[in-house]
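> Sequence first, predicted model second:
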Amino acid sequence: MAVRKRATAMTVAEQNRFKNVVTQLINAPGDPNPYGNLVWRHTNHAHNMHPFMGTVATQRFLPWHRVYVLKIEKMGQAIDPLFFIPYWKWTTQPVVPPWLATFKPTIKVPSPNMTVTRNPPRPNTTLPTSAQINTVLAKTTFTSFVVALDAPHGTVHNWCNGTMSSTSFSPVDPLFWLHHAEIDRLWSLWQVAHPGLNPSLTGANRIMDPWPETEVQVRSIATLGYSYGP
């Protein structure tokens, strides 16, 4: 069982492991290579995976991104079994994790290669607060939870003021994985408090394309083989 730690709880060795493994994935043969192709997958909005895309996309947002982050984590674990995607708890760490602040790699994607940019505001006054997240977690239906969670989700993307601010290209920045691990963690907490409340999807919409996993198969993070640390 992989434990996804909070970014501020990681040891220096774990921080270095994350950067080293991601660097190996980035530098793997091919231009694009498997990592670049997976990063680029986010540009294909036909996957219908963001709430602004409509009713079905609102239901797919969380399960689709759960699969997406897991795919990258599995790629990293093929290099180093101890690799995991940490989560960035921006309510208590309202800055880019310092050990990632200068990690701005160039990714070999299926177009001109892209180099990460970030220019977050100083001082920070805009990242979501714990009170705001508590309000999100208090929602009592899946749809209302997703709609409420999407606001802080977007706020964090925009706060980074660079690659992360692009709906299509945000996964070019490795910080994306930490941000979406936190979004996934919040969903997992909400799931524990609201058992049996799941996305409303039918037919092909249940499949988290381009992967074969269905929404039903990704409801439980324990079944998927990971958990979140404190």
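Nice, I can see it.
> Can you show me the helices along this protein?
Assigned by DSSP state H, the helices in the chain fall at 12-26, 34-40, 55-79, 130-137, 142-159, 175-193, 221-224.
> in the first one, what's buried?
It refers to helix 12-26. The neighbour-count criterion (16 or more other CB atoms under 10 Å) identifies E14, Q15, R17, F18, K19, V21, V22, L25, I26 as the buried residues of helix 12-26. Using the backbone N, CA and C atoms, a C-beta is placed for each residue, glycine as well.
> what do you get for the shortest one?
Along helix 221-224, these residues count as buried under the neighbour rule (16+ other CB under 10 Å): I221, L224.
> export it as PDB, just CAs?
Presented in PDB, the C-alpha positions along helix 221-224 are these (Å, rounded to 0.1, in the frame of the first residue of the first chain):
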ATOM      1  CA  ILE A 221      -8.400   4.300  -3.000                       C
ATOM      2  CA  ALA A 222      -7.700   1.300  -0.800                       C
ATOM      3  CA  THR A 223      -8.700  -1.000  -3.600                       C
ATOM      4  CA  LEU A 224      -6.500   1.000  -5.900                       C
END
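> for that helix, packing partners?
Under the contact definition 3 or more CB pairs under 8 Å, 6 or more residues apart in numbering; DSSP states H and E, helix 221-224 sits against helix 55-79.
> between the helix it packs on and helix 12-26, how big is the angle?
Taking axes from the mean of the first three to the mean of the last three CA atoms, to 10 degrees, one finds helix 55-79 and helix 12-26 inclined to each other by 100 degrees.
> right, and M208 touches V218 too?
Yes - using CB atoms under 8 Å, M208 is in contact with V218, at 6.8 Å.
> Pick out whichever of these two has more residues nearby.
More crowded of M208 and V218, by other CB atoms under 10 Å: M208, with 22 against 19.
> Give the phi and psi angles for the more buried one, as a check.
In this entry, M208 is assigned phi and psi values of phi -80, psi 60 (degrees, to the nearest 10).
> residue contacts, it?
R60, P63, W64, V67, T214, E215, V218 (CB atoms under 8 Å, 6 or more residues apart in numbering).
> now swap in C160 and tell me
For C160, the residues meeting the contact criterion (CB under 8 Å, 6+ apart) are V96, R118, N119, P120, D173, L175.
> same question, R185
With contacts defined as CB under 8 Å, 6+ apart, the neighbours of R185 are R4, Y87, Y228.
> Tell me where this protein is predicted with low confidence.
Screening the chain residue by residue with the criterion pLDDT under 70, one finds the ranges 122-125.
> middle-most residue in it, spatially?
Within the chain, the residue whose C-alpha comes closest to the C-alpha centroid is H180; the distance, by CA atoms, centre = their mean, is 2.1 Å.
> how close does that one get to V67?
Here the distance between H180 and V67 works out to 11 Å (CB to CB, to the nearest Å).
> Skipping its backbone neighbours, what lies nearest V12 in space?
W99 (7.9 Å; CB to CB, 6 or more residues apart in numbering).
> Repeat that for N158.
Leaving aside its sequence neighbours, N158 is closest to S165 (5.2 Å, by CB to CB, 6+ apart).
> Surely the one you found and V156 touch.
No - S165 sits out of contact with V156 when judged by CB under 8 Å, with a separation of 9.9 Å.
> The two - which one has more neighbours?
V156 (22 against 18).
> Relative to F169, which of the helices of the chain is closest?
Taking CB to CB as the measure, the helices of the chain were each checked against F169, and helix 34-40 came out nearest at 8.4 Å.
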